[in-house]
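Student: only geometry, no sequence info:
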């Protein structure tokens, strides 16, 4: 019974398969053949845009409401109470309830570092924040199922904790730009918000994030629709399938120059998987885009010196590639 309820939630509430069937019927009534390339592309585009937009708005509202209890100052104090690997774990977990892309996380990283938190701890936060926020968990569940979503988040947190711990062991604090090291954070308590103010904050975050993210949703779903209906399956399989041992590395490298968040990359990953790409390969692509996008690396370079930036990129890339190959290895058991 519980399995049936879980399947219903995944398929009909999160996956909104009823919406896909409804759109298909409406397009057929308008004379469009949804089995053809054009009709299939239109159905894929409308279904994914509506589904992701609805989930986006609901998730951002819920996460922003939770986030209102964890303003930067409070998060800094929480992380400051812990030491060693425990601090890295707390930082990675706090990253799951913070901004939805790496460019939004970097200002918080700078603030935490200037406040004197250990470098490895702040890097654990910086890795996890764009890669494994709570929104990605729910959205991945709607596309790939609960098992894949939970494993993705758990392994993302492992990368964040391991990456931050490794950077801490390197003792390269001098690679942080001097203006950040010399800055002193003001210990100002954040005002306590009323219930109404928290709801208003959450609503404002929905509007603000939607404006920033929606163009990437349209682009991502558009690319996904083209892959899903126009790119021959044999092409995708030859490049990103099991026959190509370097597919994971290729997907990660392709993902790095792009700039999008999890909501824009999932439709592309969904289409690639349907065309025969391996699970770990498409997840590596998603991680590369969300964690190591070129614009966010340019922004991070203003805060850290080239040596530290290089270590950060190398640690994240190695972790992403390792996770990709693990998912590929156990794909038969996961899907």
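Tutor: Great, that's in hand. All figures in this text were calculated on a predicted structure; none of them were measured in a lab. Numbering: from 1, shown residues only.
Student: residue 79 is in what secondary structure piece?
Tutor: Counting by DSSP states H and E, the element that carries residue 79 is helix 72-80.
Student: got the angle for the helix or strand following that helix vs helix 72-80?
Tutor: Using DSSP H and E, the helix or strand that follows helix 72-80 in sequence is helix 85-94. What separates the directions of helix 85-94 and helix 72-80 is an angle of 150 degrees, with axes from the mean of the first three to the mean of the last three CA atoms, to 10 degrees.
Student: ok, and what's touching helix 85-94?
Tutor: 70, 75, 78-79, 82, 118, 120-122, 124-125, 127-128, 132, 157, 160-161, 164-165, 168 (CB atoms under 8 Å, 6 or more residues apart in numbering). Every C-beta, even on glycine, is put in place using the N, C-alpha and C of the backbone.
Student: thinking again about what came up before, show me what the helix holding residue 79 is packed up against.
Tutor: On a contact count with 3 or more CB pairs under 8 Å, 6 or more residues apart in numbering; DSSP states H and E, helix 72-80 meets helix 85-94, helix 102-114.
Student: which of those helices has the lowest mean pLDDT?
Tutor: The weakest mean pLDDT among the helices and strands packed on helix 72-80 belongs to helix 102-114, with a mean of 75.
Student: which helices and strands does it pack with?
Tutor: Contact here means 3+ CB pairs under 8 Å, 6+ apart; on that basis helix 102-114 packs against helix 72-80, helix 119-131, helix 178-181, helix 294-301.
Student: quick one: list the elements packing against the second one.
Tutor: Packed against helix 119-131, as judged by 3+ CB pairs under 8 Å, 6+ apart, are the following elements: helix 85-94, helix 102-114, helix 146-169, helix 279-291, helix 306-329.
Student: now that helix: mean pLDDT?
Tutor: On average, the pLDDT along helix 119-131 is 88.
Student: on that earlier part again, of the contacts of helix 85-94, buried ones?
Tutor: 75, 79, 118, 120-122, 124-125, 127-128, 132, 157, 160-161, 164-165, 168 (16 or more other CB atoms under 10 Å).
Student: buried sites along stretch 5-21?
Tutor: Within stretch 5-21, the residues that qualify as buried are 10, 14-16, 19-20, counting by 16+ other CB under 10 Å.
Student: need the helices and strands packed on helix 102-114 in CSV (columns: distance to residue 255).
Tutor: Shown next, in CSV, are the helices and strands packed on helix 102-114 (distance: least, CB to CB, whole Å):
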stretch, distance to residue 255
helix 72-80, 28
helix 119-131, 12
helix 178-181, 28
helix 294-301, 10
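Student: and of the ones you listed, who's closest to residue 52?
Tutor: Each of the helices and strands packed on helix 102-114 has some distance to residue 52 by CB to CB; the shortest is helix 119-131, at 17.0 Å.
Student: who's in contact with the helix or strand following the closest one?
Tutor: Per DSSP H and E, helix 119-131 leads on to helix 134-144 as the next helix or strand towards the C-terminus. Where contact means CB under 8 Å, 6+ apart, the residues beyond helix 134-144 that reach it are 10, 14-16, 51-52, 55-56, 59-60, 62-63, 66, 96-97, 100, 148-150, 152-153, 262-263, 266, 269-270, 273, 279, 290, 335.
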